[in-house]
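Q: got a structure for you, letters missing:
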């Protein structure tokens, strides 16, 4: 009898593991297939948690009517996004107007580099290199950027519609939810987003001031990208530092200004990202660093760049749900980097 019970338990566990793997595969396939709709919806839900709390503050502390508090929150979101699009388009347009000048700067810098290498006995095919640089499809790259911007704009329209329906569709939008799991999820997401937004905004502002001081083109665009990329864990800040490097090289070549600007940006990212932000975040989302990297890879494969931005809050929300159920609690402990008891 005991042997039969052990065998049954073994087969039950194996069935559970197999069913879990199958379910995970089906869910992943569904997420990939419905990404065009799910990405705006998930972004809208996270934005809803922030805008809902902003509307609650206006309602409770300043006695705004519910409809007015919600309207102000929505308008603030729309105005911020419109301002970002406007300044981004202006920055890119200004760069395109002076693209030929930057092309000449690039050719001059590369020619100087080839001369220095030739002096040291390193001979490269100057003719092929210079011809390749002259034929660089700069305008094609920026046309592609314009198409991506239009796609972002269309997604933003869908996000705004989702936010409006979420805010207006819930009668008790300005009251705390009664479900404790939902309360914990909203509290964690709100804390993460508030800290991340504030630190990313300060980082982006400092980076923008550095670029403006050194008269780097598209300073606003690089500041905006710094703000956005800081939401991608681990690699986002590195990409944010490296993105302005080509424009810096086109303007200044491999001179002192090039290295000074990159050094100041790196120092800013390191100070805020590794010293200030961890203290403000505290326990944060209670996720192990390895889990954060793994979630970044998984959601990037599933949803691309938007998945990278959303990886941490989505994984933290899943962990909270898993921690509330007896059979999935060990998985939640593993996500937090603790061995289940």
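A: Alright, I've got the coordinates. Keep in mind the model is a prediction, meaning the values are calculated, not measured. Numbers count the residues shown, from 1 in each chain.
Q: For residue 293, give its distance to residue 193.
A: From residue 293 across to residue 193, the span is 20 Å (C-beta to C-beta, to the nearest Å). Backbone N, C-alpha and C define where each C-beta goes, glycine included.
Q: of the two, who's got more company?
A: Using other C-beta atoms under 10 Å as the criterion, residue 293 and residue 193 rank with residue 193 on top: 17 against 14.
Q: quick one, what contacts residue 28?
A: residue 302 (C-beta atoms under 8 Å, 6 or more residues apart in numbering).
Q: What average pLDDT does the helix or strand hosting it get?
A: Using DSSP states H and E, residue 28 maps to helix 2-33. In this model, helix 2-33 has a mean pLDDT of 80.
Q: any weak-confidence spans in the stretch 1-150 of the chain?
A: 1-4, 85, 88-89, 91-103, 133-150 (pLDDT under 70).
Q: how about the helices in it?
A: Shown for the stretch 1-150 of the chain, the helices assigned by DSSP state H, counting those that start in this stretch span residues 2-33, 35-61, 66-97, 99-119, 126-134, 138-169.
Q: of all those helices, which lies closest to residue 224?
A: Evaluated over the helices of the stretch 1-150 of the chain, closeness to residue 224 peaks at helix 66-97, with 6.1 Å, by C-beta to C-beta.
Q: before we move on, back to that, quick one: distance of the helix holding residue 28 to the chain centre.
A: How far helix 2-33 lies from its chain's middle: 33 Å, per C-alpha atoms, centre = their mean, to the nearest Å.
Q: For that helix, which residues meet the burial criterion?
A: For helix 2-33, a neighbour-count test (16 or more other C-beta atoms under 10 Å) marks residue 31 as buried.
Q: now the angle from it to helix 35-61?
A: Relative orientation of helix 2-33 versus helix 35-61 (axes from the mean of the first three to the mean of the last three C-alpha atoms, to 10 degrees): 90 degrees.
Q: where along the stretch 201-341 of the chain do the helices fall?
A: Secondary structure of the stretch 201-341 of the chain by DSSP H, counting those that start in this stretch: the helices cover 219-229, 236-242, 245-252, 256-271, 277-281, 289-323, 329-335.
Q: quick one: contacts of the third one?
A: What it means is helix 245-252. Outside of helix 245-252, the residues within contact range by C-beta under 8 Å, 6+ apart are 95, 102, 105-106, 109, 215-218, 222, 257-258, 261-262.
Q: repeat that with 6 Å
A: Residues from elsewhere that reach helix 245-252, judged by C-beta atoms under 6 Å, 6 or more residues apart in numbering: 102, 105, 106, 217, 258, 261.
Q: Out of those residues, give me the two with the largest separation.
A: Farthest pair in the contacts of helix 245-252 (C-beta to C-beta) is 106 and 261. Separation: 17.2 Å.
Q: Looking at those two now, which is surrounded by more residues?
A: Shown here are residue 106 and residue 261; by other C-beta under 10 Å, residue 261 has more neighbours (22 against 19).
Q: doesn't residue 214 make contact with that one?
A: Yes - checked against C-beta atoms under 6 Å, the pair residue 261 and residue 214 is within contact range at 5.4 Å.
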